[in-house]
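# Compute the structure for the input listed below.
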Amino acid sequence: MCAWEEELRSLLNNSILLFKPQGEPQPAGTCTCMNNIGKDDLILGIQAQFQRDMLCMHGHMCICMHATHGTCTISS
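Next comes the predicted model:
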């Protein structure tokens with residue numbers, strides 16, 4: 001996962017918004033809304049260039065939300 005993340009970050013249109021590998025502590029300076037992230041949590045936030053362009057063009061006129069929390073039914 002880390003190699004893939006590094007490869008994406010090196011591209012001209014970097015899609016990675018947020019990345020925290022599993023097994024690493026929460027990065028310093030992360031917003032306070034993310035204080036409960038555990039060391040074993042994996043976080044990957046991706047935004048395609050089209051999504052970024054649309055947010056820049058229309059983001060001042062709307063609130064964007066996406067929720068998938070709790071939709072995965074795989075148990076460990």
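
# and the residue nearest the centre of the chain, which of the three is it?
Centrality entry for the chain: nearest residue to the mean C-alpha point is residue 45, 1.6 Å, by CA atoms, centre = their mean. Secondary structure, DSSP: H, G, I helix; E, B strand; the rest coil: residue 45 is strand.

# For residue 57, grab the count of nearby residues.
Number of residues near residue 57 (other CB atoms under 10 Å) recorded here: 9. Using the backbone N, CA and C atoms, a C-beta is placed for each residue, glycine as well.

# for the record, mean pLDDT for whichever strand or helix holds it?
For residue 57, the enclosing helix or strand under DSSP states H and E is helix 49-58. Averaged across helix 49-58, pLDDT comes to 86.

# CA atoms only: put it into CSV for me.
Written as CSV, here are the backbone C-alpha positions of helix 49-58 (Å, rounded to 0.1, in the frame of the first residue of the first chain):
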residue,chain,number,x,y,z
GLN,A,49,-8.9,15.3,-10.9
PHE,A,50,-12.5,15.7,-12.2
GLN,A,51,-13.8,15.7,-8.7
ARG,A,52,-11.3,18.3,-7.7
ASP,A,53,-12.2,20.5,-10.7
MET,A,54,-15.9,20.2,-9.9
LEU,A,55,-15.4,21.0,-6.2
CYS,A,56,-13.3,24.1,-7.2
MET,A,57,-16.0,25.2,-9.6
HIS,A,58,-19.1,24.5,-7.5
